[in-house]
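> Attaching a predicted model along with its sequence, questions to come.
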Amino acid sequence: MLSPGNVGELRHAASGKVQLYGWDSATESWHGPDELDCAPGGTSRILTALRRAPGNSWYGAIRFLAPDEPDNRFFALIHDLEDCAVAMIYCDDSKAGPAEIIAVLPAARRSRLRAEFPFEFVAFTGFLRSTNATSGHQLYERMNAALAETGPSDSLIFSITTGLWPDDMGHVLSRCSEAVAMAMLRWAGGLPGDQ
């Protein structure tokens, strides 16, 4: 789960904030806002691949090594949309669905964010069976509140952990999700100097 306890050391890079909000589907718990500072560490390979993508989508493998852990391979499917960017991160050889679903709302695009974004994102997570009707409603309400309580100069990251990755390996998924989210934010022009 991409959560404040698992997020690495990042440096402040923007006048606005990067706010992380997350939902853990296994425990049906919400966290956030957690303010992140954004240094480019760990995102360069992913960002390079995103920038080289021929269209507005990218699919590829991401490898993460953690000390004293076996090699972990994930796959990410990332789309750059008009008002946000979304990603699904799959475990190696997973056929059950994504381990993490991420939406990144760059500050530069907040003014054109569709009013129906929270509904559409929650409906999408429900379609993937990552949320049920009850948790989907809670997630929808929390996302609307997050959008209302943050300023237009803030970039937002919404991270949905689906429970398809073992809890004891959550730190590895968190590192992968963090790198993907920061690369997405840079790709979508969400940080000064990255446009």
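Yep, it's here.
> residue nearest the centroid of the chain?
Geometric centre of the chain, nearest residue: residue 102, 3.0 Å, by CA atoms, centre = their mean.
> So in terms of bridging, what pairs with it?
Applying DSSP bridges to residue 102 yields these beta-bridge partners: residue 87, residue 159.
> got the contact list for it?
By CB atoms under 8 Å, 6 or more residues apart in numbering, the contact list for residue 102 reads 2, 86-89, 157-160, 177, 180-181, 184. C-betas here are computed from N, CA, C, even on glycine.
> Same check on residue 87?
Taking CB under 8 Å, 6+ apart as the criterion, residue 87 is in contact with 76-79, 100-102, 104, 180-181, 184.
> all strands in this protein, in order from the N-terminus.
18-24, 29-36, 57-64, 72-80, 85-91, 100-105, 155-161 (DSSP state E).
> what angle do the fifth one and strand 100-105 make?
This means strand 85-91. 160 degrees (axes from the mean of the first three to the mean of the last three CA atoms, to 10 degrees).
> Model confidence for the residue lying closest to residue 109 once chain neighbours are set aside, exactly?
Take residue 109 and drop its neighbours on the chain: the residue closest to it by CB to CB, 6 or more residues apart in numbering is residue 83, 4.9 Å away. Residue 83 carries a pLDDT value of 93.
> Give me the phi and psi for residue 83.
When quoted as degrees, to the nearest 10, the phi and psi of residue 83 stand at phi -120, psi 0.
> quick one: it and residue 116 touch, right?
No. Judged on CB atoms under 8 Å, residue 83 makes no contact with residue 116 at a distance of 10.7 Å.
> So which of these two has more stuff around it?
Taking neighbours as other CB atoms under 10 Å, residue 83 and residue 116 compare with residue 83 leading, 14 against 9.
> which residues sit in contact with that one?
Taking CB under 8 Å, 6+ apart as the test, what residue 83 contacts is 105, 109, 112-114, 117.
> rerun at 7 Å
Each residue near residue 83 by CB atoms under 7 Å, 6 or more residues apart in numbering is listed here: 109, 112-114, 117.
> Residue 117 versus that one, what's the distance?
Taking CB to CB, to the nearest Å as the measure, residue 83 falls 7 Å from residue 117.
> now swap in residue 132 and tell me
Noted for residue 132: a distance of 20 Å to residue 117, by CB to CB.
> out of these two, which sits in the busier spot?
Set residue 132 next to residue 117 and count neighbours by other CB under 10 Å: residue 117 wins out with 18 against 12.
> List the contacts of that one.
Counting by CB under 7 Å, 6+ apart, residue 117 touches 83-84.
> repeat that with 10 Å
Taking CB atoms under 10 Å, 6 or more residues apart in numbering, we find residue 117 in contact with 81, 83-84, 103, 105, 143-144, 147, 158.
> Sort out which one of the residues you listed lies nearest residue 18 for me.
Residue 18 has its nearest neighbour among those in residue 105, at 10.1 Å by CB to CB.
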